[in-house]
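1. Dropping the sequence and predicted coords here.
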Amino acid sequence: MTDCLQVFCTTDKRDEAEAIAERLVRGGLAACVQIAGPIVSVYRWEGEIARGEEWLLLAKTTADGYEALEAAIVAMHSYEVPEIVAVPIEAGSEAYLAWLRGSITV
């Protein structure tokens, strides 16, 4: 297991997704952020089943960088409760993981 994480976040606006991604990478909070979409999300909100088009951000960071990355997303995000979920990167190319670690400056 590594000290690296992939963080998932969604938003309903492409420009918001791009702004968040840019802030995370420029700020040294993420080595890279990929944006996929649009995707369709089906979820429960305020007791109802909702469906919406969203953009998925996949941010690569370290365990040490996670707290600052989460705070940056919350500060910029338009959702009342944004999805911010981190999963450990169990394994990966050592060269890539070294690059990832070296890109995080927090």
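-> Yep, it's here. Numbers count the residues shown, from 1 in each chain.
2. contacts, neighbours, all on C-alpha from now
-> OK.
3. List the contacts of the helix or strand W99 falls within.
-> Using DSSP states H and E, W99 falls within helix 94-103. The contact list for helix 94-103 (Cα atoms under 8 Å, 6 or more residues apart in numbering) reads 4, 28, 30-31, 60-62.
4. hey, where'd the helices end up in the protein?
-> Using DSSP state H, the helices of the chain run over residues 14-26, 66-76, 94-103.
5. ok, and which of those helices has the densest surroundings?
-> helix 14-26 (a mean of 18; mean count of other Cα atoms under 10 Å).
6. okay, the angle between it and helix 94-103?
-> Helix 14-26 runs at 90 degrees relative to helix 94-103, counting by axes from the mean of the first three to the mean of the last three Cα atoms, to 10 degrees.
7. Only alpha carbons, please: show the helix holding W99 as PDB.
-> Taking C-alpha atoms only, helix 94-103 is exported to PDB below (Å, rounded to 0.1, in the frame of the first residue of the first chain):
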ATOM      1  CA  GLU A  94       6.900   3.600  -9.000                       C
ATOM      2  CA  ALA A  95       7.900   6.300 -11.400                       C
ATOM      3  CA  TYR A  96       4.400   7.700 -11.500                       C
ATOM      4  CA  LEU A  97       3.900   7.500  -7.700                       C
ATOM      5  CA  ALA A  98       7.300   9.300  -7.200                       C
ATOM      6  CA  TRP A  99       6.100  12.000  -9.600                       C
ATOM      7  CA  LEU A 100       2.800  12.200  -7.800                       C
ATOM      8  CA  ARG A 101       4.600  12.600  -4.400                       C
ATOM      9  CA  GLY A 102       7.000  15.200  -5.800                       C
ATOM     10  CA  SER A 103       4.100  17.300  -7.100                       C
END
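8. Now do it: distance to the chain's middle.
-> Between the centre of helix 94-103 and the centre of its host chain there is 17 Å, according to Cα atoms, centre = their mean, to the nearest Å.
9. repeat for stretch 15-22
-> For stretch 15-22, the distance to the chain centre is 10 Å (Cα atoms, centre = their mean).
10. repeat for stretch 35-44
-> 14 Å.
11. now stretch 87-98
-> 16 Å.
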